[in-house]
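Q: quick one: sequence and predicted model below, then my questions.
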Amino acid sequence: MVLLYAFQRFSLAHWGRNTDFKHDETNESYKLMIDGVDLELHTSHKDRVAHYGLKGRATNVFPVTSANLSKDNPEIAKDGMVAKVFWAEEQRASEPDILKKVYEIAEEQDAVKGHVPHLLRHHKFKDPTSKIREALDVSEPAKDSRVLYILVFRKLKPITELEGTEFFDAWRQCIMCHYALWQAGVYHRDVSPGNMMWYRNGTVLMGVLNDYDLSSLATALGPQGNERTGTIPFMALDLLSKKGQRGEVKHLYRHDLESFMWVLVWVSLRYKDGQLLSRKSRPFDEWATVDAETCGEKKSFFQTNFLQYEVFAVDQRMWELVMDCLQLLKADAYRREIIEYKMRRQAGVGRLIMAEELELDDLKSLDLFTHTEAWVQLSNSNSVQ
């Protein structure tokens, strides 16, 4: 009873609530000042994207308004702005730091310039979760510690709103942006439909590779290549395996490239006219609800048997691209299997086969897809800018 009596007298701060966010009950929003810049987060807006939980990043994206930012960026303000609020791992390179490197690359690479998110403001809050562990005298308090960030971006539109050649154009631009960033030492490692956006620069459609909070830099200290990052339905089959889930498979360029192909499959078969199909009409719902290994098994079955799949609502040109890409994924996996088989036969039992010995270089991996008949035809379409 004494404990309950004490709890009754807790303030929001005592409960761990960040008091920088001031609730405006009239507008159903939260207001705060960040380094002299006013922000109003419209947390009840229909366009919000919320992920709540006691574990992980708990990323939330809300429409945001700001008199200061609108005055400084009138053209961007016309499209609107969004605030991304999330708990980042303290020991990882921060998203603002990674974006700083991305913008440096964009100055030199046309494939990147205009194809990455426009960061308007960012702020790192005090009091990481390690402070709680320190106060409780928990061992290794900094391990897996997280800290709250808020990032304000230009508002973009989801790639799922596009179809046909416009979808292909935005998707292709994201792939080319990703390749240029990877070669320059920025590893995205979380390719999914939610991280692929678009806007128009005048009349020109611009695909945008978004969301860098799980990315890493080639210059980062310590091993990061085997970390299990990604969104399960779109992760490469290698990374969904038992070894992959144990962190025993190095995350390579071709794994992200394969994720782009699963995005293609997902959007092409689940959306029509920019709208998500009904549950009865759309496949793959279970990919998003099962564990990683089971998802890998289901995706592998589809990849093996996709020619048996009946498609009626899919754009024929996009289905031809889906078929070309899936067939290439199968063929390249078989190529690696044959090379490993021959190497083991020649070397005998017990020889350690390095993964790099089985791989094509990154450009050759990309060229496999860009030279398919469907890709070339769509690229040459008059609708593609």
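A: The structure has been received and is ready for your questions. Residues are numbered from 1 along each chain as shown.

Q: where do the helices sit along this protein?
A: For the chain, applying DSSP state H gives helices covering 2-8, 67-72, 74-79, 95-106, 130-135, 164-183, 237-240, 242-245, 253-270, 292-305, 316-347, 362-370, 373-379.

Q: quick one, which of the ones you listed is nearest to D213?
A: helix 95-106 (4.4 Å; C-beta to C-beta). Every residue, glycine included, has its C-beta placed from N, CA and C.

Q: follow-up on the earlier one: and the helices of the chain as JSON lines, adding mean neighbour count?
A: Formatted as JSON lines, the entries for the helices of the chain read as follows, by neighbours: other C-beta atoms under 10 Å:
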{"stretch": "helix 2-8", "mean neighbour count": "8"}
{"stretch": "helix 67-72", "mean neighbour count": "14"}
{"stretch": "helix 74-79", "mean neighbour count": "12"}
{"stretch": "helix 95-106", "mean neighbour count": "18"}
{"stretch": "helix 130-135", "mean neighbour count": "14"}
{"stretch": "helix 164-183", "mean neighbour count": "22"}
{"stretch": "helix 237-240", "mean neighbour count": "22"}
{"stretch": "helix 242-245", "mean neighbour count": "16"}
{"stretch": "helix 253-270", "mean neighbour count": "22"}
{"stretch": "helix 292-305", "mean neighbour count": "16"}
{"stretch": "helix 316-347", "mean neighbour count": "15"}
{"stretch": "helix 362-370", "mean neighbour count": "16"}
{"stretch": "helix 373-379", "mean neighbour count": "15"}
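
Q: with mean pLDDT as extra columns, can I get these in CSV?
A: Written out in CSV, the entries for the helices of the chain read as follows (pLDDT from 0 to 100):
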stretch, mean pLDDT
helix 2-8, 77
helix 67-72, 95
helix 74-79, 88
helix 95-106, 97
helix 130-135, 82
helix 164-183, 97
helix 237-240, 96
helix 242-245, 94
helix 253-270, 97
helix 292-305, 96
helix 316-347, 92
helix 362-370, 97
helix 373-379, 96
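
Q: quick one: which of these is nearest K280?
A: Each of the helices of the chain has some distance to K280 by C-beta to C-beta; the shortest is helix 253-270, at 12.2 Å.

Q: tilt between that closest one and helix 292-305?
A: For helix 253-270 against helix 292-305, the angle between stretch directions is 70 degrees (axes from the mean of the first three to the mean of the last three C-alpha atoms, to 10 degrees).

Q: which strands and helices lie in contact with helix 253-270?
A: In this structure, helix 253-270 packs against helix 164-183, helix 237-240, helix 316-347, helix 362-370, with contacts taken as 3 or more C-beta pairs under 8 Å, 6 or more residues apart in numbering; DSSP states H and E.

Q: may I have that helix as CSV, with CA atoms only?
A: Taking C-alpha atoms only, helix 253-270 is exported to CSV below (Å, rounded to 0.1, in the frame of the first residue of the first chain):
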residue,chain,number,x,y,z
TYR,A,253,26.2,-6.3,-51.5
ARG,A,254,24.3,-9.1,-53.2
HIS,A,255,22.2,-9.6,-50.1
ASP,A,256,20.9,-6.1,-50.3
LEU,A,257,20.5,-6.5,-54.1
GLU,A,258,18.4,-9.6,-53.5
SER,A,259,16.2,-7.6,-51.0
PHE,A,260,15.4,-5.2,-53.9
MET,A,261,14.1,-8.2,-55.8
TRP,A,262,11.9,-9.3,-53.0
VAL,A,263,10.5,-5.7,-52.8
LEU,A,264,9.7,-6.0,-56.5
VAL,A,265,7.8,-9.3,-55.9
TRP,A,266,6.0,-7.9,-52.8
VAL,A,267,4.7,-4.7,-54.4
SER,A,268,3.9,-6.2,-57.8
LEU,A,269,1.7,-9.0,-56.4
ARG,A,270,0.2,-7.2,-53.4
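
Q: and that helix, how far out from the chain middle?
A: Here the centre of mass of C-alpha atoms in helix 253-270, compared against the chain's by C-alpha atoms, centre = their mean, to the nearest Å, lies 12 Å away.

Q: just give me the neighbour total for the residue nearest to V147 when sequence neighbours are not counted.
A: Spatially, and ignoring its direct neighbours in sequence, V147 is nearest to P128 (4.0 Å; C-beta to C-beta, 6 or more residues apart in numbering). A count of neighbours around P128, defined by other C-beta atoms under 10 Å, yields 20.

Q: with that, I have no additional questions.
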